[in-house]
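S.K.: coords please:
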Amino acid sequence: MFFENDFIVSLFALLYPEGHKDAKKNSGTAIFFTITILLLGFLSRPGVIMASVADTDTVAIVGKLMPEMAVGSFTGVKNVEIVYGIKEIENEKGAVIIVNGRNETFVKYKDVIAKISNLGFSVYALDHRGQGFSGRQLADPQKGHVDTYDDYIADLGYFLENIVDAKPHKVRLVLAHSMGGTIALLYELHHPGSFSGMAMTAPMLGFSTAPWPFFLVPPLLSLYKVLGLEKNYVVGGGKFKLEPYRPDNNLTSDKSHYDRNHQLMLDYPQIQLGAPTCAWVQQSLAAIKEIRNGAEKFRLPLLILQAGDDRVVDNCAETRFCRAVGDNCKLRVIPGSQHEILMEKPAIIKSAEKYIFAFFNKIAGL
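M.R.: This next block holds a predicted model:
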């Protein structure tokens, strides 16, 4: 999940609803921020919806990158092409569906896919609309955009019904990261009983509000929509900026993983993605709220791996959600990990995999 900079992270922090506590002491900042966001909104050009599909060579490209998988695509809602990969094995323990985070591609999970397959599970993965090797909806392909999370849900639903379920599975498990956790949880909330269990790494369930007051966010996003500016980049955001590894990055403390993903984006610029749109932020806010309000409805086993040093999502929100779900949810903290737990240093990955693999085996009855 790539953000432009710390300012954008702070903007996403507005999604977390406890920020009203600091509203009074930040009132001066709020006024300045309000004026700034309006000015930038009028000066920037809104995106234009277009029915964009993946390049005709995209499936072949991904196939070369992931020769161990069968790669294909399908046309999702609004004529957006969705690229996917499958790795089926005989005598499987079950199926694992990888639901990745914002600004990711399942190609990035090559090692993870291999390990899950070696564990005895068939693996299915897709790139969400608007990112990775899948199609875009806006004329500016750099904008991280979705009209509504219902589109993510529809894509995942088609994938499950027509690709995953083409073969019977004893259990249907999920491994989701960040925004992928939001999508997978929302899908289960809309379609109870779809999955046998769900493991999530740093799921996007909330954000820290500092330094901005939360009360300002909903009306500003609504105003953007009324003005027809919801397809603009978020304030302070823009086109993709690929930066070499720095120890203070928000994603991983492991240089080798960072450099590998860095090189992937250099080699395949079509997967580069800039900041999200205001619509994406608004829809993410709505999805998180719906999941939080429906926490008690989750009946399937949930495993949340919390990154101890996460500076992208709010760990407190993960903890509150897990408590609200009850006994079905288990939360394990991974000390020393930044946001991308499975793209971390070997010792951190090993610790995370121990929890995930034990979770999957237990649900599979092993």
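S.K.: stretch 320-329: how far from the chain's middle?
M.R.: 21 Å (C-alpha atoms, centre = their mean, to the nearest Å).
S.K.: Leu175 belongs to a strand, doesn't it?
M.R.: Yes: per DSSP: H, G, I helix; E, B strand; the rest coil, Leu175 lies within a strand segment.
S.K.: sec struct for Arg292, please.
M.R.: Under three-state DSSP, Arg292 comes out as helix.
S.K.: wait, it sits on Ala324?
M.R.: Yes: with contacts counted by C-beta atoms under 8 Å, Arg292 reaches Ala324, the gap being 7.4 Å. No exception for glycine: its C-beta is placed from N, CA and C like everyone else's.
S.K.: now do the phi/psi pair for Gly85.
M.R.: phi -140, psi 150 (degrees, to the nearest 10).
S.K.: now do the contacts for the nearest residue to it once chain neighbours are set aside.
M.R.: Distances taken as C-beta to C-beta, 6 or more residues apart in numbering place Met69 nearest to Gly85, at 3.8 Å, with adjacent residues excluded. For Met69, the contacting residues are 63, 85-87, 113, 123, 125, by C-beta atoms under 8 Å, 6 or more residues apart in numbering.
S.K.: per-residue pLDDT, Met69?
M.R.: pLDDT recorded at Met69 is 98.
S.K.: then Phe215?
M.R.: 75.
S.K.: any idea how far it is from His177?
M.R.: For Phe215, the distance to His177 equals 30 Å [C-beta to C-beta, to the nearest Å].
S.K.: do Leu342 as well
M.R.: Counting by C-beta to C-beta - Leu342 and His177 are separated by 7 Å.
S.K.: shared neighbours of the two, which are they?
M.R.: Thr201.
S.K.: compare those two (neighbour count), which wins?
M.R.: His177 (29 against 23; other C-beta atoms under 10 Å).
S.K.: Phe359 and Leu300: what is the separation?
M.R.: Taken as C-beta to C-beta, the span from Phe359 to Leu300 is 12 Å.
S.K.: between those two, what contacts are shared?
M.R.: Common neighbours of Phe359 and Leu300 (C-beta under 8 Å, 6+ apart) are Gly197.
S.K.: neighbour count: these two, which is higher?
M.R.: Neighbours were counted for Phe359 and for Leu300 using other C-beta under 10 Å; Phe359 has more, 21 against 18.
S.K.: which residue packs closest to the more buried one, ignoring adjacent ones?
M.R.: Per C-beta to C-beta, 6+ apart, closest to Phe359 is Leu303, 4.7 Å.
S.K.: bridged to the one you found, which residues?
M.R.: Ala199, Lys330 (DSSP bridges).
S.K.: ok, it - contacts?
M.R.: Taking C-beta under 8 Å, 6+ apart as the test, what Leu303 contacts is 197-200, 329-332, 355-356, 359.
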